[in-house]
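Enquirer: the following comprises the amino acid sequence and a computationally predicted model.
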Amino acid sequence: MDEAVPLVELSGVKVLYGAERALDDVAFRLLPGEVHSLMGENGAGKSTLIRVLTGALQPHAGALSIDGNPVRFRSERDALRAGVSPVYQEIDLLPNLSVAENIFVGREPRRWGRIDWRTMRERAAEVLADLGLTVDPTSELGSHSVAVQQLVAIARALTAEVRVLVLDEPTSSLDTDEVGELFRVIRELKQRGVAIVFISHFLDQVYEISDRITVLRDGRLVGEYLTTELLRVDLVAKMLGKGIPLPHERQPYEDEADGSLPVLEARGVGTASLKPTDVSLGAGEVLGVAGLLGSGRTALARLLTGVDRPDRGVLLIDGDPRGLASPRAALAMGLAYSSENRRAEGIISELSVADNITLALQAQRGALRRLPPARARELAASWVEALDIRPAQLDKPAGELSGGNQQKVMLARLLALAPRVLVLDEPTRGIDVGAKAEIQRIVGELAEDGLSVVFISAELEEVLRVGDRVAILRDMHLVDTLPSAAVTIDSLLALVARPTETES
Amino acid sequence: MTAAVTTTKDGTAASTAGRAGTFMARRSALLPALAAVIILALLFAGAELFLRGDFITPRNLSALLLDNAYLLVLAVGMTFVILTSGIDLSVGSVMAFTGILGARLLAEGLPPAIAIPAMLIGGAAIGLVIGLLVQVFSVQPFIASLAGLFLARGLAFVVSLSSIKVEDSATLWLQTTRLRLGDWYITPTGIIALLAVAVAAFVLHYTRFGRTIYAVGGQEQSARLMGLNVARAKVMAYVISGFCGGLAGLILTAYSGAGYPRNGIGTELDAIAAVVIGGTLLSGGRGYVLGSMVGVFVYGTIKTIITFMGAEQSWMQIIVGTLLLVFIVIQRVIVARSGQKSP
Amino acid sequence: MRNIVRHRLFWPALALATLITVNSAARPQFLRVTMRDGELYGALIDILRNSAPLMLVALGMTIVIATRGIDLSVGAVMAVSGAVALTIIDGSSDPNGVGTVLIAVVTAIAVAMVLGVWNGLLVSVFGIQPIIATLVLMLAGRGAALLVTDGFITTVNSEPFAFIASGYLTVLPFAFFISVAAIASIAIVERRTALGMLTEAVGINPEASRLAGVRSRGIIWGAYVLSAVLAGIAGIIYASNIKAADANAAGLLIELYAILAVVLGGTSLQGGTFSLAGTVLGVLIIQTLNSTILFMGIPSAQSPVFFAVVVVVVVVIQSQKVRSWIRALGASGRNRRSAATTEVAS
């Protein structure tokens, strides 16, 4: 297998963003019929390499060959024509068109020059059935869940004359069954000789599906390995280039038996979709929240922090019932929410790091009482230092930072308010392993200082490690709340991942 | 013939509330177009009631098409642009420019075989300028078409500072000919307008170019990643709108028997209002050209009713403004509802 | 040098300077300012005075655009405000009384403010797209103004009212002082408080701002109220200038000129970071160009062609595409030079 002619071969690839080297002399090859994982921290150059491979970006240097023949992709269209089909993490489909059109748009079946809608629907239904998906092909794509949309994106790639399928974080919004279904399809494609580039943060999945792993670090090639010959520890070490910093060990949280009131308590809060939920949170406690996408974890977080208003139930702060009219009101009471959606709901990308950090504090003071500029900078600088935000440039637009550093900026913004309860919705999603460990450490330290934290994550292992107790959500209701010590990953997995309907 | 019609049928046929609910949830784009049809029906019924059966007559309904033919053509072009989530503010001025240009050329003694193509090409050329600004130089559609508005309006006055009467028989024929069927009649201008609607409906529904227009309005970046020819679709949308402006200029010149450089001030707003009332979402990607036709008829009917009642025309602006508001609120609700599921 | 070229005000300032240079070369009297009866006159003074309505409207538009919005209704608001003011003066027994004029002006501004509250309500509370929300008033507002004046052009003879547009305060036109006062007070409020930063935050990312506790609704609402109030004042100046309320012509197309001024000044229509100084330059460019066109003896009806050319040139220069072309040109020039030196070296 090693000696086969590579389907795709990239060599000496160099990409510059301004003065920054995004890729430097990177080589990458894909053999027919293999699943090849591309691994690296955020900023290692994975997405840049993918963009080169799919024609979205022209490298400053380097050669690309297909079946041994040198080619140049000037646009995505060139790449598509050569059979290189990408499925991106952020779903790149058309929410306003039907499912069938999303699969076929641009290459619709035609009869006498006009689009043959009936054939298109029938063929779409077939492809979807192949993927184990039962949705009406004529329904609007936007009306479906993210998971369904993800599968439709894959269906689209499959109907093309695909030779290389690039899957960028395809499983991040899928549940266990859907992942299984996807892997079945991937194996079928392998049989047909399709080469698959697989990118995922989930190591389990990488080890389950891939034949070969290429590791990038800081825009350079670390090496290419057979999956069977690469131990996990070694893989992580190669990605990080250093040992993983051990998460800060801290005293397990003592449930105070002296009857002190919980800082925050929800009694029967719910909405039309979220069933009534009871949650309580003591001072200095970290409550991990485990659940799949759509399990109600984000809905709960938003109810606790005034972002959305509950239809029923009551929130108690220090034992007093309170209504939260807005995030602003919640912040005034010390309840802070950090959204899972950094780009859309977190960072103000064109404002500076300093403005981003002081934003919430300034908003709380009111528009007319401006923080004196010198004090604002001093404050921002102290947070940049405390959370080790890099680069430590206060005037840099926040949108130019890496994901992990943006997350820290959001955290700093909320911490500057000195909140009592911090609700973090997937604070470690899509950021590199190093930054992840660091955020876990910061959360631990904050809790030791008496801050109460609700920590939501898709990674069960992380929830268990960070949380003192774990709240398990499934299908929009709270299944149970257990001390972390009383659960193992496997038992938690069983609670979280009970079979759910793909699409209701 | 196209979706708007067939689904109106489906929508009423799916009698069980649950099924209809799911149906609409999955095809939220239809709801506003449906609402426009209902409003039109209510307007007709109301006018008929208040005006004691004098309103729904073949004569009035025929006149509705005749009087609003130019607006209908403009709305067709505007639909293409708005579907790509753009906007074209230039159409009123393009109509004035091409109208006066045609009148001038005819007055100079040129045959219609030259004057009419010159009008259409003139309109399309301004559309092309706007489209290139939008696509190649990433200028916001609002600003690019604003430049088009200024350009066309200024050029109209460059062609002539005052109105020019049209004596050419071929051009006037477009308006004066009445094809009759009982009390119903239609003029060639009306036929041109209806043909424009039919061709546009076919293109939007049955060609790849048409679907690309929708795709661009839905999510331009995605459309590009899917390998669609986004650039061509966007530029062509403005060219089509400009062409329709030229066509409307022809129709209006025939209708009024003269070219006038002050024609169509604010008509772009009427066209936008008609398209929005007809159920096309200004955010792009959702809507139907047949809906725009209904929107134009709603607009025209209100105008007729005001004339019938002898009220001041200033009410027209207030009513259209209010109606626009109502429709926007309806759309807002729909978008909010369909947006809930897709984060 | 590089930094100067990169500065966001470089291009508008250059454009204005070019226009002034061309003008003064073509007609030496352009720069001449004469003193008559202790009052200054000249083409430059005219530009300062005549630009007042557009200046006010454009300043309001800048703030609205910064919140990711747009206000198409400013022309209609001008018409309404002029109609209200003149109807009050016309109906009063003492059209020449300062008190009457004051009441008329205050009432007109109050009505404009109500219209702004309405726009702000539609945009910030009901969440309607700004283009559309203000389109409603743009359509309906002129109708309303016509109803106020009963469909006529109301004319009045009122000394104090005429003073607003054509009077002099010490050596300079009163209208100019209105402009300066508006620029200064908005600049102070936006930049000396945190309002400017919060407005930009809301414009760049409304949802993130809401989650951070920013009163986005209030900020957006306030922008539309400000815009309408300024348009109301502009409407009064306009009416005072022609001593009449013309509901059809007052502020016609001014929304487009105001948007043009904002864009000329380098503020992006996408919202977010804004520049008041840029807008001021933009307004002066438009007014100077207007004066140039008049001087050239071109019928004012044809002047839109020139503005079209200006818009096209400006947006094309500002576009990313052209900037990258220029950069590529510069880079290839440098490369060729460095290639040459390496050849010599080897």
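Expert: Looks like it came in fine.
Enquirer: who touches stretch A:65-77?
Expert: A:5-9, A:54-56, A:58, A:63-64, A:78-79, A:82, A:84, A:86, B:224-225, B:227 (CB atoms under 8 Å, 6 or more residues apart in numbering or on different chains). (Each C-beta comes from the backbone N, C-alpha and C, glycine too.)
Enquirer: which among those end up buried?
Expert: Buried members of the contacts of stretch A:65-77, counted by 16 or more other CB atoms under 10 Å in any protein chain shown: A:6-9, A:54-56, A:64, A:79, A:82, A:84, A:86, B:224-225, B:227.
Enquirer: just the ones of those in helices?
Expert: A:79, B:224-225 (DSSP state H).
Enquirer: which one of the residues you listed sits closest to C:Leu121?
Expert: B:Arg224 (37.3 Å; CB to CB).
Enquirer: give the contact list for that closest one.
Expert: Contacts of B:Arg224 (CB under 8 Å, 6+ apart): A:76, B:230.
Enquirer: tell me how far it lies from C:Ala133.
Expert: 30 Å (CB to CB, to the nearest Å).
Enquirer: same thing with B:Val139?
Expert: 23 Å.
Enquirer: ok, the two, which is more surrounded?
Expert: C:Ala133 (29 against 26; other CB atoms under 10 Å in any protein chain shown).
Enquirer: got phi/psi on that one?
Expert: In terms of degrees, to the nearest 10, the main-chain angles of C:Ala133 are phi -60, psi -40.
Enquirer: in strands, which of the contacts of stretch A:65-77 fall?
Expert: A:8-9, A:63-64, A:84, A:86 (DSSP state E).
Enquirer: which of those sits closest to chain C?
Expert: A:Ala63 (21.0 Å; CB to the nearest CB).
Enquirer: per-residue pLDDT, the closest one?
Expert: Here, the pLDDT recorded for A:Ala63 equals 90.
Enquirer: who touches the helix or strand of chain A with the lowest mean pLDDT?
Expert: Least confident helix or strand of chain A, by mean pLDDT, DSSP states H and E, is helix A:232-240 with a mean of 74. Here helix A:232-240 makes contact (CB under 8 Å, 6+ apart) with A:39-41, A:44, A:203, A:207, A:213, A:215, A:217, A:222-223, A:225, A:243-244, A:433-434.
Enquirer: and the closest residue to A:Gln364 other than its chain neighbours, how close does it get to A:Ala332?
Expert: Take A:Gln364 and drop its neighbours on the chain: the residue closest to it by CB to CB, 6 or more residues apart in numbering or on different chains is C:Gly213, 5.7 Å away. For C:Gly213, the distance to A:Ala332 (CB to CB) stands at 8 Å.
Enquirer: so, low pLDDT: which residues of the chain?
Expert: Answering for chain A, as no chain was given. A:1-3, A:18-20, A:41-43, A:89-91, A:173, A:240-259, A:292-294, A:430, A:497-504 (pLDDT under 70).
Enquirer: not what I meant, chain C
Expert: C:1-6, C:330-346.
Enquirer: which SS class is C:Val111?
Expert: Secondary structure, DSSP: H, G, I helix; E, B strand; the rest coil: C:Val111 is helix.
Enquirer: I'd say it and C:Val80 touch.
Expert: Yes - between C:Val111 and C:Val80 there is a contact at 6.3 Å, judged by CB atoms under 8 Å.
Enquirer: how about the residues of the stretch 101-250 of chain B near chain C?
Expert: B:129, B:133, B:136-140, B:142-144, B:146-151, B:153-155, B:157-158, B:161 (CB under 8 Å from any CB of the partner chain).
Enquirer: which residues sit in contact with A:Val423?
Expert: Per CB under 8 Å, 6+ apart, neighbours of A:Val423: A:301, A:304-305, A:335-338, A:453-454, A:456.
Enquirer: tell me the one of those residues nearest chain C?
Expert: A:Tyr337 (6.2 Å).
Enquirer: can you add distance to A:Leu493 and give the ones in helices among the buried ones among the contacts of stretch A:65-77 back as TSV?
Expert: Compiled in TSV, these are given as follows (distance: CB to CB, whole Å):
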residue	distance to A:Leu493
A:Ala79	38
B:Arg224	39
B:Leu225	34
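Enquirer: any residues in contact with both of C:Gly213 and A:Ala332?
Expert: Common neighbours of C:Gly213 and A:Ala332 (CB under 8 Å, 6+ apart) are A:Gln364.
Enquirer: these two: who's more crowded?
Expert: Each of C:Gly213 and A:Ala332 has its neighbours counted (other CB under 10 Å); C:Gly213 has more, 25 against 14.
Enquirer: quick one: which of the ones in helices among the buried ones among the contacts of stretch A:65-77 is nearest chain C?
Expert: Among those, and counting by CB to the nearest CB, the member closest to chain C is B:Arg224, at 15.8 Å.
Enquirer: how about stretch C:63-74 as PDB, C-alpha atoms only?
Expert: Extracted as PDB, the C-alpha positions of stretch C:63-74 are listed here (Å, rounded to 0.1, in the frame of the first residue of the first chain):
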ATOM      1  CA  ILE C  63     -24.400  57.300  13.700                       C
ATOM      2  CA  VAL C  64     -27.200  55.300  12.300                       C
ATOM      3  CA  ILE C  65     -24.900  53.600   9.800                       C
ATOM      4  CA  ALA C  66     -22.500  52.800  12.700                       C
ATOM      5  CA  THR C  67     -25.200  50.700  14.300                       C
ATOM      6  CA  ARG C  68     -25.500  48.700  11.100                       C
ATOM      7  CA  GLY C  69     -28.600  50.700  10.100                       C
ATOM      8  CA  ILE C  70     -29.600  53.200   7.500                       C
ATOM      9  CA  ASP C  71     -32.200  55.900   7.700                       C
ATOM     10  CA  LEU C  72     -34.000  56.500   4.400                       C
ATOM     11  CA  SER C  73     -36.700  58.600   6.000                       C
ATOM     12  CA  VAL C  74     -34.600  61.700   6.600                       C
END
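Enquirer: now check it, is it near chain B?
Expert: Yes - residues of stretch C:63-74 contacting chain B under CB under 8 Å from any CB: C:Ile70.
Enquirer: what comes up buried for that stretch?
Expert: Applying 16+ other CB under 10 Å to stretch C:63-74 flags C:63-74 as buried.
Enquirer: so which of these are in helices?
Expert: Filtering the buried residues of stretch C:63-74 for helices - DSSP H - leaves C:63-66, C:74.
Enquirer: could you dump those residues into TSV with distance to chain A added?
Expert: Converted to TSV, those look like this (distance: CB to the nearest CB, whole Å):
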residue	distance to chain A
C:Ile63	13
C:Val64	16
C:Ile65	14
C:Ala66	12
C:Val74	24
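Enquirer: all set now, cheers.
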